[in-house]
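Novice: sequence? don't have it. structure:
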C-alpha cells in the first residue's frame with residue numbers, strides 16, 4: 001500500500017551537528033506546487049500591508065518590515081521544521097522591543113536602527129541555542145491566563161500607538177494612561193478625513209476576514225485608501241501619506257554597536273526570546289504535521305537563524321505569526337514553498353515597485369494595526385477562565401495592568417514572573433490526601449465526596465500528587481505526621497501511594513526520612529507504593545532513602561504493601577466509610 005509522502009512523519013535528513021536542513025521540503029511532490037503558489041500569493045497579499053504597518057509600529061521605515069519578512073522566511077525555509085509556519089515582523093513582540101529601544105535611543109535614529117538589528121542577533125542566538133539544546137519545553141512557561149493578560153496589554157499598547165494617526169492627531173507623550181487621557185481630550189479635534197480612512201480600512205478588513213480569512217482584505221483596503229487619497233486630494237485635508245519608500249535589496253552588515261550597547265540590550269533580548277519561543281511553540285502545536293508531533297526544537301532553530309539573518313540585513317526581531325500561518329493552512333499550502341513564493345513577491349515589490357507605496361495614507365496602516373490589536377484580544381477564552389477558575393482571572397488582570405501601566409518590557413517580565421509563580425504555587429500547595437479502597441477490588445483511590453470507599457483496620461493509605469521538592473516538603477511532612485501521630489496506637493501500617501511523585505530533591509528527602517523515623521518511633525510500619533517515576537526511584541537510591549526506609553518496604557502496588565506488612569494479612573475485614 002502506498003502512502004502520501006506529505007502525510008509521513010518528519011524523518012531525519014541532512015544534518016550538521018543536529019541542525020536539520022529543508023525539513024519542510026522533504027518528500028515534496030510536483031502536485032503540491034499549485035496549492036503552494038496560491039497560498040504564497042495569498043500570504044504575500046496579507047503580509048505586504050501588515051509588514052509595513054508593523055515596521056512603523058516598531059519605529060522603523062516600512063521597507064525594513066519587508067527586509068524582516070524576506071530574511072526570516074528564507075532562513076526558516078532552510079533551517080525550520082514546520083511546513084506551514086510563517087515568520088516575520090510580528091505585532092506581539094514589536095511593541096515590546098520598541099518600548100525598550102526607545103529608552104536607549106531616539107526612535108527612527110541610526111542608533112535606534114542599529115540597536116534593533118543587534119537585538120535581533122541576540123534573540124537569534126538565544127532562540128537558536130534553545131533549539132539546539134532541545135529546550136522546547138520553554139514554550140510551556142506562560143500559563144493561559146497570563147498569556148491572555150499579556151495579549152490584552154499588548155493590544156492596548158498597539159491601540160494607543162496607532163490612534164493618533166487614525167484620528168489625525170499629533171502623538172501624545174507620557175505613559176499609556178496619560179496618552180489615553182490626552183487622546184480623549186483631543187478627540188473632538190480629530191481630522192474627519194483621517195478617521196474616515198482608518199475607519200474604512202478597518203471596516204473592509206473586518207468584513208473580508210469574516211467572509212474568509214483567505215481574502216486579502218488588508219491589501220484591498222490599502223489600495224482603495226491610496227486611490228481615495230489621490231482622487232479626493234486628502235493631503236489638502238490634512239491626511240498624512242507614507243511618502244517615498246526606499247527600494248532595493250538590503251545590504252548585509254553587522255550593526256555598529258559597542259559592548260555596552262549589547263549589555264544594555266541583554267535583558268530585553270531575554271524577554272523577547274521567551275515570548276518568541278512561547279509563541280513559536282504555540283503556533284507549531286496549532287498547526288501540527290499531518291502525521292507525528294510538531295518539532296518545537298526544530299522551529300526554535302529555524303526562528304533563531306531567521307533572527308540572525310534579519311539582524312544581519314538591518315531589520316529587527318522576528319517571530320512566528322499565528323494569523324499568517326493560519327492563512328497558509330487555510331489557503332491549502334503544503335510546505336514552505338508557499339513562503340518562498342510570498343518572499344519572492346515581496347522582493348519584487350522592493351526592487352521594482354516601492355513607488356506605488358508613497359500614496360498610502362498613514363491612517364490606513366493604523367487601521368490595519370487596530371484590527372490586529374482587536375484580533376489578539378481573546379474575550380471568549382477570558383470568559384472561560386473566569387467561569388472555570390475565577391481566581392485565575394486575577395492573573396489576567398494583573399498581567400494586563402502591569403504591561404499597560406509600567407514600561408512595557410518591565411510589564412512583560414512581571415507577567416512572565418506571575419506565570420512562573422502561579423506554577424510554583426500550584427506545586428507548593430499540594431496536600432497529602434487519604435485514599436480508600438474501591439469495594440470488592442484491590443484498587444485504592446483518593447477519597448472524595450463521591451468516592452468514600454473502604455478502609456482496612458490498622459492501615460492508612462495516603463497519596464501526594466506532585467514532585468516532592470523544597471517547595472512542598474515542609475507541608476508534606478506536616479500533613480503526614482498530623483495524620484499518623486494522633487492515631488499511632490491504632491495504626492500499624494502507613495502506605496504512601498507515590499504514583500504522582502515524579503521527583504524527589506534533597507530537602508524533600510529529609511522530610512521523607514523524618515516521616516519514616518516518626519513512624520518507626522511510633523511502632524508503625526512505613527511503606528512506599530507505586531513510585532513509578534524512574535527519576536524518583538534514582539533519587540530514592542542516590543539520597544540514601546532506600547536504605548533508610550528499607551528496600552523490602554517499597555512495593556509496586558498498595559495491595560502488595562498491605563499483603564506484606566498489614567496487621568491483618570489474612571483477614572478480609574474492611575470498614576466501610578461513613
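Specialist: Perfect, thanks for sending it. None of the values given here were measured: they were computed from a predicted structure.
Novice: Distance-wise, check residue 189 relative to residue 201.
Specialist: 21 Å (Cβ to Cβ, to the nearest Å). Backbone N, C-alpha and C define where each C-beta goes, glycine included.
Novice: Which residue of those two possesses the greater neighbour count?
Specialist: More crowded of residue 189 and residue 201, by other Cβ atoms under 10 Å: residue 201, with 29 against 10.
Novice: Hmm, that one is touching residue 367, no?
Specialist: Yes: contact criterion Cβ atoms under 8 Å: residue 201 and residue 367 qualify, at 3.2 Å.
Novice: Give me the common contacts of these two.
Specialist: 221, 225 (Cβ atoms under 8 Å, 6 or more residues apart in numbering).
Novice: sec struct for residue 342, please.
Specialist: With DSSP: H, G, I helix; E, B strand; the rest coil as the basis, residue 342 sits in helix.
Novice: again with residue 56
Specialist: Going by three-state DSSP: residue 56 is helix.
Novice: burial measure for it, as a count.
Specialist: Using other Cβ under 10 Å, residue 56 has 22 other residues around it.
Novice: so how far is residue 225 from it?
Specialist: To residue 225, residue 56 is 15 Å away according to Cβ to Cβ.
Novice: And residue 170, by the same measure?
Specialist: As judged by Cβ to Cβ, residue 170 and residue 225 stand 21 Å apart.
Novice: Between those two, which is the more surrounded one?
Specialist: residue 225 (29 against 11).
Novice: How about the contacts made by the closest residue to the more buried one other than its chain neighbours?
Specialist: The shortest distance from residue 225 to any residue other than its chain neighbours is 3.8 Å, reached at residue 364 (Cβ to Cβ, 6 or more residues apart in numbering). Residue 364 is in contact with 49, 197-198, 201, 221-222, 225-226, counting by Cβ under 8 Å, 6+ apart.
Novice: So which bits of the helix or strand where residue 364 lies are buried?
Specialist: Using DSSP states H and E, residue 364 sits in helix 362-376. With burial defined by 16 or more other Cβ atoms under 10 Å, the residues of helix 362-376 counted as buried are 362-373, 375-376.
Novice: Does anything pack onto the next helix or strand after that helix? Which helices or strands?
Specialist: Sequence order places helix 379-388 as the next helix or strand after helix 362-376, per DSSP H and E. Counting contacts by 3 or more Cβ pairs under 8 Å, 6 or more residues apart in numbering; DSSP states H and E, helix 379-388 is packed against helix 144-167, helix 393-405.
Novice: Please spell out which residues along helix 379-388 are buried.
Specialist: Buried, per 16+ other Cβ under 10 Å, within helix 379-388: 382, 385.
Novice: now that helix, how far from the centre of its chain.
Specialist: From the chain centre to the centre of helix 379-388 is a distance of 18 Å (Cα atoms, centre = their mean, to the nearest Å).
Novice: Please report the distance of residue 58 from residue 342.
Specialist: Distance of residue 58 to residue 342, computed by Cβ to Cβ: 20 Å.
Novice: and what of residue 465?
Specialist: 48 Å.
Novice: Kindly report the same for residue 195.
Specialist: Per Cβ to Cβ, residue 195 is found 32 Å from residue 342.
Novice: who's more crowded, residue 465 and residue 342?
Specialist: residue 342 (31 against 15).
Novice: Return the longest helix in the chain, judged by number of residues.
Specialist: Identified as the longest helix of the chain according to DSSP state H is helix 259-286.
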